[in-house]
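Asks: need the 3D shape of this:
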Amino acid sequence: MPGVGYGPRVGLLVVDVQNDFADPAGSLYVADGEQVIAGINAQVAAARAAGSPVFYSQDWHPAETPHFVTGGGVWPPHCVAGSHGAAFHPDLVVDGEVIRKGVDGADGYSAFSVRDPHSGVRRATLLGERLGQLGITTLVVVGLAGDHCVRASALDARAQGLTVVLPLALTRFVNLHPGDDDRAVDAMREAGVLVGG
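Replies: You can find the predicted model right below:
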C-alpha cells in the first residue's frame, strides 16, 4: 500500500498465509487468497529495508478441537499442526518471528490472543509483549482472512493502543455469511483502523 512509512517503531503483521487458506486445494481456501502474496512479499521487503520487525501468525491446530465442525465448531478441519495445510504458502517470504495460535485447541482468530472454546477465557499470545518490547506504535496488518483473523488481529491491536493500518488490497474475505466483508471493514473503521485501498 503506497504511503506506509516503515521504520523502527512500525511493525508488519502477516496473518495466516498458509496452504489451507491460500492454496485453491486447501481445506478452507479463501477465494483469491494466493493473489495477495506478491504484494505481501513487497511489504516484507520494504519493512525489512526500513528496520521494521515482521511477525507472522500461523494457525497450528491439533487434529481434534472444538474449533472444527467435527468437534462442534463451524470450520472444517484446517491447519493441523505439522500438516501441509498448516505450512506457510511456498511463495510467501517468511523473514520474521512466527506466532502460532490455536495450538492447544483454543480458538485462535487474533494473533494477539486465543480463547478457550469451553470457558470463553482469553489469554494473550506473545505478540503484544514482543511489540511492546520493541517500542512499536504502528502496526500494518495484511493476510487472511479479512473478516476473521485479520479483523480480530486488527481490533486487538487497536485495543492495545496501536495505530493500525490495513491495506485492503492485501487481504481477502471468507464471507461465510453474505456481507461479512463489509461488516468487518465497518467494524475495523469504527475502531479506528486505517483501512486503505
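
Asks: residue boundaries of the strands in this structure?
Replies: Assigned by DSSP state E, the chain shows strands spanning 10-15, 54-59, 97-101, 113-115, 122-124, 138-144, 163-167, 171-172, 194-196.

Asks: let's have those strands in a markdown table, adding distance to residue 88.
Replies: Where you see a C-beta, it was placed from the backbone N, CA and C, and this is true even at glycine. Formatted as a markdown table, the strands of the chain follow (distance: least, C-beta to C-beta, whole Å):
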| stretch | distance to residue 88 |
| --- | --- |
| strand 10-15 | 9 |
| strand 54-59 | 7 |
| strand 97-101 | 8 |
| strand 113-115 | 19 |
| strand 122-124 | 23 |
| strand 138-144 | 11 |
| strand 163-167 | 20 |
| strand 171-172 | 16 |
| strand 194-196 | 25 |
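
Asks: between the ones you listed, which one is nearest to residue 182?
Replies: Distance to residue 182, taken as C-beta to C-beta, is lowest for strand 194-196 among the strands of the chain, at 11.4 Å.

Asks: ok, that closest one: who's next to it in the sheet?
Replies: If you go by DSSP bridges, strand 194-196 pairs up with strand 163-167 (parallel).

Asks: can you give me the buried ones in the partner strand?
Replies: 163, 164, 165, 166, 167 (16 or more other C-beta atoms under 10 Å).

Asks: any chance of the strands of the chain in TSV, plus mean pLDDT and distance to residue 65?
Replies: Shown next, in TSV, are those (pLDDT from 0 to 100; distance: least, C-beta to C-beta, whole Å):
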stretch	mean pLDDT	distance to residue 65
strand 10-15	98	19
strand 54-59	97	11
strand 97-101	96	12
strand 113-115	87	11
strand 122-124	90	16
strand 138-144	98	19
strand 163-167	98	28
strand 171-172	98	24
strand 194-196	95	31
